[in-house]
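Student: Kindly return the folded structure for what I paste below:
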Amino acid sequence: MQRLVSLWPGCTADKFIRSEGNMEIPERDGDGYLTDMSEWTPEIARAMAEADGVELSDDQWDQILKARQYYEECNTVPPIRKFAQYLERDQKELFKIWMTGPMKPITKYGGLPKPTGCV
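Tutor: Take a look at the predicted model:
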């Protein structure tokens, strides 16, 4: 797996961060979310995860895509309880898969707004 490095460590003022593999990661805020949701692509999502040291499983990737689908349908990021129902899965299972509050990484790598409330 290719390791991504920033040419400007810690600098968020630059529009793009260039990786060793020439993948440009658009500007992210201090929490790692894209500052412009329209710049999201699956390739950028995977590069962001890789830059963060996260390897996304097929199951996690499916959840990211389902969250984007939910957002397109409802124009909002769901709380974890509602998202688990949307997926027809137990929310405890989602916490186990992500080893953290699942909505934060799902929305971050999904190019969606930061979740509020129960994540």
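
Student: what's the longest helix in the chain?
Tutor: When secondary structure is assigned using DSSP state H, the longest helix within the chain turns out to be helix 58-74.

Student: Assign Ile25 to helix, strand or coil.
Tutor: strand (DSSP: H, G, I helix; E, B strand; the rest coil).

Student: That one against Ala47, yeah?
Tutor: Yes. Contact criterion C-beta atoms under 8 Å: Ile25 and Ala47 qualify, at 5.3 Å. (C-beta placed from N, C-alpha, C; glycine too.)

Student: ok, and what's touching stretch 63-78?
Tutor: 45, 56, 83, 86-87, 94, 97, 102-103, 106-107, 109-116 (C-beta atoms under 8 Å, 6 or more residues apart in numbering).

Student: How far does it sit from its chain's centre?
Tutor: Distance of stretch 63-78 from the chain centroid (C-alpha atoms, centre = their mean, to the nearest Å) equals 12 Å.

Student: try stretch 78-92
Tutor: A distance of 17 Å separates the centroid of the chain from that of stretch 78-92, by C-alpha atoms, centre = their mean.

Student: could you give the mean pLDDT of the longest helix of the chain?
Tutor: If you average the pLDDT over helix 58-74, you get 96.

Student: residues of that helix that come out buried?
Tutor: 60-61, 63-64, 66-68, 70-71 (16 or more other C-beta atoms under 10 Å).
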